[in-house]
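Participant: here you go, sequence then predicted model.
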Amino acid sequence: MKPNFSLRLRIFNLNCWGIPYLSKHRGDRMKRLGDLLNMESFDLALLEEVWSEQDFQRLRQKLLPAYPAAHYFRSGVIGSGLCVFSKHPIQEFTQHVYTLNGYPYMIHHGDWFCGKAVGLLVLHLSGLVLNAYVTHLHAEYNRQKDVYLTHRVAQAWELAQFIHHTSKKADVVLLCGDLNLHPKDLGCRLLKEWTGLHDAYHETRDFKGSEEGCTMVPENCYVSQRELEPFPFGIRIDYVLYKAVSGFYISCKTLRTTTGHDPHSGTPLSDHEALMATLCVRHSPPQHTPDPTQGPAERSRLISVLKEAWTELDLGVAQARWWATFAGYVIGLGLLLLALLCALAAGGGVREVAILLWTPSVGVLLGAGAVYLFHMQEAKGLSRARAELQHVLGRAREAQDLGLESQPALLLGQQEGDGDEEQ
C-alpha cells in the first residue's frame with residue numbers, strides 16, 4: 001500500500017420505522033428512501049427496522065445498479081430488521097443475536113420477538129480491510145422506570161465484545177445503528193470505552209443538521225411529542241462510530257442529519273433522522289495511532305464504567321433469580337393444587353368443581369413453568385456477561401496497579417514487526 005494512501009467513505013444510516021400494518025406511509029417512505037440512496041450514491045447504506053423482507057427486496061431491486069451488494073440479516077420470529085447496501089463487494093458477513101432481548105410476556109413492546117442482533121460486513125477497499133457493523137438495541141420505552149436497562153447494558157457489552165473479538169484483522173472499524181442509548185448512558189459509555197470507538201458527531205470537522213445532533217426531534221410529524229417533552233431539542237440515540245486500528249488514521253470530514261423532513265421532498269423518511277457521514281482514511285505511522293484504551297486516564301475511565309456496568313448486571317441477576325424463585329413457588333403450589341383437585345375428583349364429593357378448576361390450574365402451572373425457565377435463562381445470560389466484565393475489570397486493575405503504559409508494548413510490537421520484515 002502506498003505511503004500517501006487515502007480513501008473517502010460516504011456512509012448512510014437510518015432507522016426506517018418499517019413495521020408492517022402499523023408504521024404510517026411505510027410504502028411511500030421506502031420508495032423515497034430508495035430514490036434518495038440512488039441520488040446520493042453512498043459507499044455504504046446501513047438500515048434498521050426494515051421488518052418486512054419484501055421491503056428489503058423492493059429496495060434491493062431499485063438500488064441494484066448503484067449498490068450491487070446487499071444483505072438482509074435474519075433472526076428471531078419477526079427478524080432483526082437489519083440490512084445493508086454496498087457499492088463495493090462484500091467479502092464476508094455474519095451476525096450475532098443478543099442473548100437477552102426483553103421479555104416474551106411484554107407482547108405490546110414486541111422486542112423479544114424481533115431477535116435484535118448485530119450484523120458484520122467485511123469489505124476490502126484498495127487493500128484496506130473494513131469491518132462494518134450495524135445494530136439495533138432494545139428500546140427504552142420509559143426513561144423514568146426503565147425495566148429494560150439491564151438488558152440494554154448486557155447488549156451493549158455483547159456488542160462491544162463482538163467488535164473486540166472480530167475486528168483484530170481489520171484496518172478500520174465502523175459501527176452504525178440505533179443504540180437506543182443517550183450519549184451519557186451507561187451502555188453507550190461502556191461500548192465506547194471498551195472498543196475505543198470515536199463518535200462522529202463529536203469528531204467531525206463540519207456538522208449540519210438537527211440541534212445537538214439529535215436523531216429523534218419534535219419537528220418530525222411521526223414522533224410522539226409527549227415522549228420528547230423532557231427533551232426540547234430531541235434525543236440522540238442513532239450513531240456513526242469508528243476507529244482505525246493498524247497504522248491508519250480516520251477522521252470524519254462531514255456529518256449531516258435530516259431535520260424532521262426528507263431533504264428533497266420535505267416529508268420525513270422515518271420517525272428517526274438519517275445520518276450521513278463522510279469519513280477520510282489515510283495511512284499513518286504507527287506511533288500516530290496509539291491504542292485509545294490503554295493510557296492511564298483512559299484506563300481509569302474504563303475501570304469506572306466497568307464497575308458501574310458490573311453493579312447493574314449484578315442487580316439484574318438478583319432480580320432474575322427472584323422471579324425464577326417466585327415462579328418456582330407458584331409451580332409447587334400449582335402441583336399441590338392439582339393433586340388436591342385429583343383427590344376431590346376421585347372422591348366424587350365436589351367432582352364438578354374439581355373438573356372446572358382443573359383447566360385454569362394447568363394453565364397457571366404451565367405459565368409459571370415458562371416464567372421460571374425464561375428467568376433462569378435470563379439469570380444465566382446476565383451471570384455470563386457479569387463474569388466477563390469481572391475478568392476484564394480485574395485485568396484492567398492489574399494493569400493500573402502495575403502502572404503499565406501502552407507505548408513500550410507498541411514499540412516492542414513495532415520492533416518485532418521490523419525484525420520480521422528484515423528477515
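Facilitator: Looks like it arrived, so ask away.

Participant: let me see the ranges of the helices in the stretch 151-300 of the chain.
Facilitator: All helices of the stretch 151-300 of the chain, identified by DSSP state H, counting those that start in this stretch, fall at 186-195, 200-203, 296-347.

Participant: now the last one: average pLDDT?
Facilitator: The pLDDT scores in helix 296-347 average 90.

Participant: same question, the second one
Facilitator: Confidence for helix 200-203, expressed as mean pLDDT, is 97.

Participant: and it, how far out from the chain middle?
Facilitator: Per Cα atoms, centre = their mean, to the nearest Å, the displacement of helix 200-203 from the mean C-alpha position of its chain is 18 Å.

Participant: for that helix, list every residue counted as buried.
Facilitator: Buried positions in helix 200-203, judged by neighbour count with 16 or more other Cβ atoms under 10 Å: A200, Y201, E203. Any C-beta I mention is one placed from the backbone N, CA and C, and that applies to glycine too.

Participant: does the last one really touch I250, like I thought?
Facilitator: This means E203. No - applying Cβ atoms under 8 Å as the test, E203 and I250 come out as separate, 9.1 Å apart.

Participant: can you say which of the helices of the stretch 151-300 of the chain is packed in most?
Facilitator: helix 186-195 (a mean of 23; mean count of other Cβ atoms under 10 Å).

Participant: chain center to stretch 157-165: distance?
Facilitator: The answer for stretch 157-165 is 10 Å, by Cα atoms, centre = their mean.

Participant: buried residues in it, which are they?
Facilitator: W157, E158, L159, A160, Q161, F162, I163.

Participant: which stretches of the protein form strands?
Facilitator: Taking DSSP state E as the criterion, the chain carries its strands at 6-18, 44-50, 69-73, 82-86, 92-97, 117-125, 128-136, 172-178, 198-199, 207-208, 238-244, 248-257, 275-283.

Participant: so for Q144, which of the ones you listed sits nearest?
Facilitator: Of all the strands of the chain, strand 172-178 sits nearest to Q144, with 20.9 Å by Cβ to Cβ.

Participant: in its sheet, what does that closest one sit against?
Facilitator: Paired with strand 172-178 in the same sheet, following DSSP bridges, are strand 128-136 (parallel), strand 238-244 (antiparallel).

Participant: that one to strand 6-18, inter-axis angle?
Facilitator: 20 degrees (axes from the mean of the first three to the mean of the last three Cα atoms, to 10 degrees).

Participant: averaged pLDDT, strand 172-178. What do you get?
Facilitator: The average pLDDT for strand 172-178 rounds to 98.

Participant: next, the angle strand 82-86 makes with it.
Facilitator: Using the same axes, to 10 degrees, strand 172-178 lies at 130 degrees relative to strand 82-86.

Participant: sorry, back to before: so which of the strands paired with strand 172-178 is nearest P360?
Facilitator: Nearest of those (Cβ to Cβ): strand 128-136, 38.4 Å.

Participant: good, we can wrap up now.
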